[in-house]
Structures are given as C-alpha cells and as structure tokens.
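Engineer: A predicted structure for the sequence below; I have some questions about it.
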Amino acid sequence: MASSSPALAIRPKAASSPDGAQNLFIFKSADVDITVTYKGSILKGRVSSHALCLASPAWHKFVYPPWSPIADQKEETGPDLQGDSKATIAAIDFKDDNGEALLLLLRVAHLKFADVPSKLSYEQFLNVAILCDEYDCVNLVKPWLSKWFAYKHGAENYGAYQEGDYLFIAWVFGRQKTFNDLAKMMLLDVRVTEENQSECLTHWGAKFSHLIPQGLTENFLKIRSETVTKVLEFYSRILYVSEDQRCLKGLGQCDVIQYGLSARQLDRSRLFDSRGDALRYNGSIHDLGMYIQPYPSPTLHIHRACDRIGVEIQRTVMQIMRAIPHPVLPVHRQHFTKELLRLTE
Ligand SMILES: [Zn+2]
C-alpha cells in the first residue's frame, strides 16, 4: 500500500522519527507489549489487555488464548467477569497489519477519541475495513462511519469502485444499498480474460479485488455469459428482422437501404464470422448493448418513421437488459441482516 495523503493522515502526536512514532503505540494502563509495522518501520508498543478484550472478540482470544487455563475458567464464569484477570500473554505481534489503521482502532479501544480523524482517505478507509473485518470489531468505529462515508472518495480512486475494494468497504460496514448498486454496476462493466473467460476484469482490464465477498464474481461471470448469449443471438437475427420491415411509403429503395445499413452494422461489429457464427466476445454487457445502434442515413430523413429496425434493436436490447438478474445472492443479503450491521446504515 502506498502512503496516504498527509492532509488526511492520522495525526501523529509525536515527531515523525521512529522514536517519536513509537510513542504513538504506548497507551495508559498497558500490560501487553505489541509489535507493529508503522510507516515502514517495525515498532514496539504497549497496550491495555482489557481495552483489547472489550474492543474485539478476536483480540480477546489473543489475550486469553482458548487453550490457556484462565480462558477455560472464563468460559464457565462468563466474559463480564474477565476484567480482573491478568493477561495470559506478554506480547502480541501485529506486524502484518496496516499500522495506521491499527493505530486508529487502538486509539478508539483506549478511548482516545479526539485522535480519531473524521475524514479518511480512501486507502485508510479500506485498511480500517480490512482490520475491522479481520478482528470482527465494526462496532468499534460505528460512531465515525457516517462521516467517513460522507467523504467523497470517487475522484480520489475511481478504480476502487471498478475493482471491488469499495464494495468490500460497503460490505464490512453494512452499507447494503451502496453494496447492491456497486455490484450491479460492476456486473454491467465486467469483462473477461482473453484466454478462458473465467476471470473477471474491470472495464479497463484490471483484475478484481481479492476482497470481493465470495460467490459474487462467479455470479458476475454466469450472468454476463447468459446475457451476452442472449444479445448475440438477437443480433444474429437482425437481418431477418430487417427482411420483414417494409417502407411505410412503399418505396423499394428505402427497404434496400434499411437492409444494407443493418448488414453493414453487423459487419462492422466484428461479433460474427463470415458464416454468421458468433465470435468469442470478451467485453462487457454494457458495451455489447451499445454495439449495434440505429444508423440513420441522410437519404432517409424523410422516412425516419421507417427506421423500425433501429427501434426494434433498442426495444429488444432494453428488454434483455431489464431482465438481467441482480448479482447479489441471498447469502450476501443475509450478511446485511446481522444486528451489528443493521445499526450502521
Ligand atoms: Zn421508407
């Protein structure tokens, strides 16, 4: 990950030297050492085990590993009574986590709310989402979510919308409408790899994010393939549609022009071979729907009403597009019904 915009960075209280930055990770009532990676340096810090336990069930397991005797005891007495226990471990390794996002979560966990920024760059937002997902602690940042979402990240990183990282942010933080809208947009724009058409690519040919919830890209591929087949099948019949159309004023010349224009459109589309068989199409549903457009000819300006082929193309393509199923699956919708997430939208 590249470094983020300094204007939006989490404000370091100390100097930017490694020694100063190290103090950022030292909190009050600390009893557990931590190791973190922050701005490219490995730093040592010290945190409160009780703060960690309250903040995240995953961190709770770090502090009281399930195999420890105290954890066994707590299973019996209940989690509310764990506050008096001494942590069973002396150190936690957070080196693999993004340091800035971790610092933000640790500040919330240790009630240092004034140090939590109200704006996050897109990249920081993503890193916080990754850690909240990993440590199951969305509730920790809930009070800041509306502000973070209100900050417009579109111009900052358009690729995030195309590749699915922003979809993941919406997923983690329970923004169902954003998730649904983005999933639909991605479906219409998804391309496939040249070789075997089994991998999704963005409109610009970039790979999809590995953070996209399971099942979604597979569904993109399935729906895309079905829709492309339908559109190509319709396009292959355009000349037959054209044959049935007759000039409203009975001019044979008009019929010939209509047929000729349709044939030329098909030829130019390069979607079919010389025998009329569909070639392999790797582009998006959106692009395919725009492939063959009504093609008004200057000589037809007095016969505009005769352009029924163009009207038929638009009508049928729209019909196919409207019938495209939504790519979000029941398993995804179920995710947003979690109590924790329902409160965030
Ligand atoms: Zn006509």
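Structural biologist: Looks like it came in fine. On a predicted model such as this, the values are computed, not experimentally measured, just so you know.
Engineer: what about Thr37, helix or strand, and which?
Structural biologist: Using DSSP states H and E, Thr37 falls within strand 32-38.
Engineer: partners of that strand in the sheet?
Structural biologist: Here strand 32-38 is paired, per DSSP bridges, with strand 41-47 (antiparallel), strand 91-94 (parallel).
Engineer: give me the next element, helix or strand, following the first one.
Structural biologist: What it means is strand 41-47. Using DSSP H and E, the helix or strand that follows strand 41-47 in sequence is helix 49-55.
Engineer: buried residues in that following helix?
Structural biologist: By neighbour count on 16 or more other C-beta atoms under 10 Å, the buried set for helix 49-55 is 49-55. C-beta coordinates here come from the backbone N, C-alpha and C atoms, glycine included.
Engineer: circling back to that earlier point, looking at the strands paired with strand 32-38, which is nearest to the ion?
Structural biologist: Among these, strand 91-94 comes nearest to the ion, with 73.7 Å by C-beta to the ion.
Engineer: hmm, who's touching that closest one?
Structural biologist: For strand 91-94, contacts defined as C-beta atoms under 8 Å, 6 or more residues apart in numbering pick out 32-37, 47, 52, 59, 62-63, 102.
Engineer: among these, the buried ones, what's the PyMOL command?
Structural biologist: Buried residues within the contacts of strand 91-94, by 16+ other C-beta under 10 Å, are selected in PyMOL with:
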select buried, resi 32+33+34+36+47+52+59+62+63+102
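Engineer: rewinding a little: TSV for the buried residues of helix 49-55, including distance to Leu279 and pLDDT?
Structural biologist: Shown next, in TSV, are these (distance: C-beta to C-beta, whole Å; pLDDT from 0 to 100):
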residue	distance to Leu279	pLDDT
Ser49	63	94
His50	64	93
Ala51	61	95
Leu52	58	95
Cys53	60	94
Leu54	60	94
Ala55	55	95
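Engineer: give the contact list for the residue of the stretch 101-250 of the chain found nearest the ion.
Structural biologist: The ion sits closest to Cys247 of the stretch 101-250 of the chain, with a gap of 3.2 Å, by C-beta to the ion. Cys247 makes contact with 253-255, 258, 303, 306, according to C-beta under 8 Å, 6+ apart.
Engineer: likewise for Phe168?
Structural biologist: The contact partners of Phe168, by C-beta under 8 Å, 6+ apart, come to 126, 129-130, 133, 209, 211-213.
Engineer: now restrict the residues you listed to buried residues only.
Structural biologist: The neighbour-count criterion (16+ other C-beta under 10 Å) marks 126, 129-130, 133, 209, 211-213 among the contacts of Phe168 as buried.
Engineer: closest one of those to Thr88?
Structural biologist: Using C-beta to C-beta, the shortest approach to Thr88 within those belongs to Asp133, at 25.6 Å.
Engineer: quick one: average pLDDT of the host helix or strand of the closest one?
Structural biologist: Using DSSP H and E, Asp133 falls within helix 122-134. The average pLDDT within helix 122-134 is 95.
Engineer: elements contacting that helix?
Structural biologist: Identification of packing neighbours for helix 122-134 by 3 or more C-beta pairs under 8 Å, 6 or more residues apart in numbering; DSSP states H and E yields helix 99-109, helix 138-150, helix 165-172.
Engineer: now do the second one: everything it contacts.
Structural biologist: Among residues not part of helix 138-150, those counted as contacts by C-beta under 8 Å, 6+ apart are 55-56, 104-105, 108-109, 116, 118-120, 125, 128, 132, 172-175, 178, 340-341, 343-344.
Engineer: may I see the PyMOL selection of the buried members of those?
Structural biologist: A single PyMOL command is used to select the members of these judged buried by 16+ other C-beta under 10 Å:
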select buried, resi 55+56+104+105+108+109+116+120+125+128+132+172+173+174+175+178+341+344
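Engineer: highest average neighbour count across the helices and strands packed on helix 122-134?
Structural biologist: When the helices and strands packed on helix 122-134 are scored by mean count of other C-beta atoms under 10 Å, the highest mean neighbour count falls to helix 165-172 (a mean of 24).
Engineer: least trustworthy helix or strand in this protein by mean pLDDT?
Structural biologist: None of the helices or strands of the chain scores lower by mean pLDDT, DSSP states H and E than helix 69-77, at a mean of 54.
Engineer: what mean pLDDT does the one helix or strand Cys254 maps to have?
Structural biologist: Assigned by DSSP H and E, Cys254 belongs to helix 252-269. Mean per-residue pLDDT for helix 252-269: 81.
Engineer: what comes up buried for it?
Structural biologist: Across helix 252-269, burial judged by 16+ other C-beta under 10 Å covers 254-255, 257-259, 261-262, 265-266, 269.
Engineer: ok, now stretch 276-294?
Structural biologist: Under the neighbour-count criterion of 16+ other C-beta under 10 Å, stretch 276-294 has 281, 283-285, 288-289, 291-292 buried.
Engineer: and those residues as CSV, adding secondary structure?
Structural biologist: Output for these, formatted as CSV (DSSP: H, G, I helix; E, B strand; the rest coil):
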residue, secondary structure
Tyr281, coil
Gly283, coil
Ser284, coil
Ile285, helix
Leu288, helix
Gly289, helix
Tyr291, coil
Ile292, coil
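Engineer: now flag whichever of the residues you listed is closest to Ala183.
Structural biologist: Ile285 (13.4 Å).
Engineer: any idea how far the ion is from that closest one?
Structural biologist: Using C-beta to the ion, to the nearest Å, Ile285 is found at 33 Å from the ion.
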